[in-house]
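Chemist: Need the 3D shape of this:
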Amino acid sequence: MLTKRQSDILQAIVRHYTSTGQPVGSKVLADNLPERVSSATIRNEMASLEEMGLIAKEHSSSGRVPSTVGYRYYVDNLLDQQAVHESDVAIIQNSFGQDFNKIDEIVARSADILSDLTTFTTFTLKPEQKMARLSGFRLVPLGNQQVMAIIVTDSGDVESQNFTIPRDMNTDELESVIRLINDQLSGLPLTEVLTRLQQDIPFKIKDYMHSPNGVLDIFDNILSHASSERFFVGGKMNLLGFSHNHDPNTLQALYGLLDQNERLSTVLDPLDDSINVRIGSEISNELLDDFSLITATYDVDQYGKGIIAVLGPTRMPYSRTIGLVSAFRQELAKQMLDYYHRYYDQ
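Modeler: Model prediction:
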């Protein structure tokens, strides 16, 4: 455990470095510590902090920068969350000031708002799709053996994909199958619909067509897409501004990660319902060893919980960023609830 003076010095180093990006020397610390301390005493304390691995000397400069361990200690023990400025709250609320037709529109917009506020790369995930229920399927013929498969959920979400059907598949047969599926599966959770499509529905469809596999693949594909987790990403290009490594291959791998929802789900999965801060190797992805990740859930009552996350440099302003995430998740939850209430109260 650090002494009071060592804590003050580490806190001052983190605050100054995250604000300016410049290594911190004893003279700067002498001007910023809450009590008057000689430069010699400060240098001795800095040497002790360096031995503990909390700060490090950068190149030949006499100044020090926080280490990953130092950031961790700061976040766990020295962080005082800044109150979010009223102007930030107003920006958050006004940015949502429009009518949305789909949940995805709210969640996608929220990623952009949070990125603009933090200047970092952000991620948002809507509440768990296991809560969604099937309202109905439709198939729209497009000509040349092309059909558009449409699925509607009870939350108002609409998914559509285009497919090619076999030339020997009869349109009347397809319509009969769609009626059967809607009769049998409407109102069920999407996860249960997927299970039924693999278990008993194939046997029932055989009464309407000789080979049901092709049409079942259509339903299975669009359902899998509708029920899968999809993160919306805001501020992708911001990575270029705070990534230490500008190697083209590394940057390509980083941007590739942003487009892979399964890998993102592993990286961004919150530890609990509180706001979590993971620094460097704690993120468990070597591509992100030079980054910090702040994750949080937002609660939409009976409709489930979603995720928001901010990815930035290890020298991000933790107090402000955590404060913004805290305020933002409250407003996002409110926006989502307002949408659900409008939809269900119609």
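Chemist: which non-adjacent residue is nearest Ile55?
Modeler: Arg64 (4.2 Å; CB to CB, 6 or more residues apart in numbering). For glycine as for every other residue, the C-beta is placed from the backbone atoms N, C-alpha and C.
Chemist: Any idea what the one you found is bridged to?
Modeler: Note on Arg64: beta-bridge partners Val24, Lys57, judged by DSSP bridges.
Chemist: Could I get the contacting residues of it?
Modeler: Ile13, Pro23, Val24, Gly25, Met46, Leu49, Glu50, Ile55, Ala56, Lys57, Glu58 (CB atoms under 8 Å, 6 or more residues apart in numbering).
Chemist: Among those, which one lies nearest to Asn285?
Modeler: Ala56 (22.9 Å; CB to CB).
Chemist: How about the closest one, nearest residue that isn't a chain neighbour?
Modeler: Ala56 sits nearest to Ser67 (CB to CB, 6+ apart), 5.0 Å away.
Chemist: And that neighbour, how far from Ile279?
Modeler: 10 Å (CB to CB, to the nearest Å).
Chemist: Now do the same contact list for the nearest residue to Ser326 once chain neighbours are set aside.
Modeler: Counting by CB to CB, 6+ apart, Ser326 lies nearest to Ile275, which is 6.2 Å off, once chain neighbours are set aside. Ile275 sits next to Ile294, Thr295, Ala296, Ile322, Val325, Ser326 when contact means CB under 8 Å, 6+ apart.
Chemist: Surely the last one is in contact with Ile294?
Modeler: Which is Ser326. No. Using CB atoms under 8 Å, Ser326 is not in contact with Ile294; the gap is 10.0 Å.
Chemist: out of the two, which sits in the busier spot?
Modeler: Applying other CB atoms under 10 Å to Ser326 and Ile294 shows that Ile294 carries more neighbours, namely 25 against 15.
Chemist: and the host helix or strand of the more buried one, what does it pack onto?
Modeler: Ile294 belongs to strand 291-299 when assigned by DSSP states H and E. For strand 291-299, the packing partners by 3 or more CB pairs under 8 Å, 6 or more residues apart in numbering; DSSP states H and E come out as helix 261-268, strand 276-279, strand 305-313, helix 318-344.
Chemist: does Pro141 count as helix, strand or coil?
Modeler: The three-state label given to Pro141 by DSSP: H, G, I helix; E, B strand; the rest coil is strand.
Chemist: Apart from its neighbours in sequence, what residue is nearest it?
Modeler: Pro141 sits nearest to Val147 (CB to CB, 6+ apart), 5.6 Å away.
Chemist: Buried ones in the strand holding Ile294, by neighbour count?
Modeler: For strand 291-299, the neighbour count (16 or more other CB atoms under 10 Å) marks Phe291, Ser292, Leu293, Ile294, Thr295, Ala296, Thr297, Tyr298 as buried.
Chemist: Would you mind giving these as a markdown table with pLDDT and distance to Pro313 added?
Modeler: A markdown table is the format used below for the buried residues of strand 291-299 (pLDDT from 0 to 100; distance: CB to CB, whole Å):
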| residue | pLDDT | distance to Pro313 |
| --- | --- | --- |
| Phe291 | 94 | 6 |
| Ser292 | 96 | 7 |
| Leu293 | 96 | 11 |
| Ile294 | 96 | 12 |
| Thr295 | 96 | 16 |
| Ala296 | 95 | 19 |
| Thr297 | 94 | 24 |
| Tyr298 | 93 | 24 |
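Chemist: got those residues as a markdown table, with distance to Asp112 columns?
Modeler: Output for the buried residues of strand 291-299, formatted as a markdown table (distance: CB to CB, whole Å):
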| residue | distance to Asp112 |
| --- | --- |
| Phe291 | 20 |
| Ser292 | 21 |
| Leu293 | 19 |
| Ile294 | 17 |
| Thr295 | 18 |
| Ala296 | 17 |
| Thr297 | 20 |
| Tyr298 | 16 |
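Chemist: How about the contacts made by Asp236?
Modeler: In this structure residue 236 is Lys, not Asp. Contacts of Lys236 (CB under 8 Å, 6+ apart): Thr121, Tyr255, Leu258.
Chemist: list the buried ones in the helix or strand hosting the second one?
Modeler: Tyr255 belongs to helix 248-258 when elements are defined using DSSP H and E. Buried residues in helix 248-258, counting neighbours by 16+ other CB under 10 Å, are found at Leu254, Leu258.
Chemist: Please state the offset of that helix from the chain centre?
Modeler: From the chain centre to the centre of helix 248-258 is a distance of 17 Å (CA atoms, centre = their mean, to the nearest Å).
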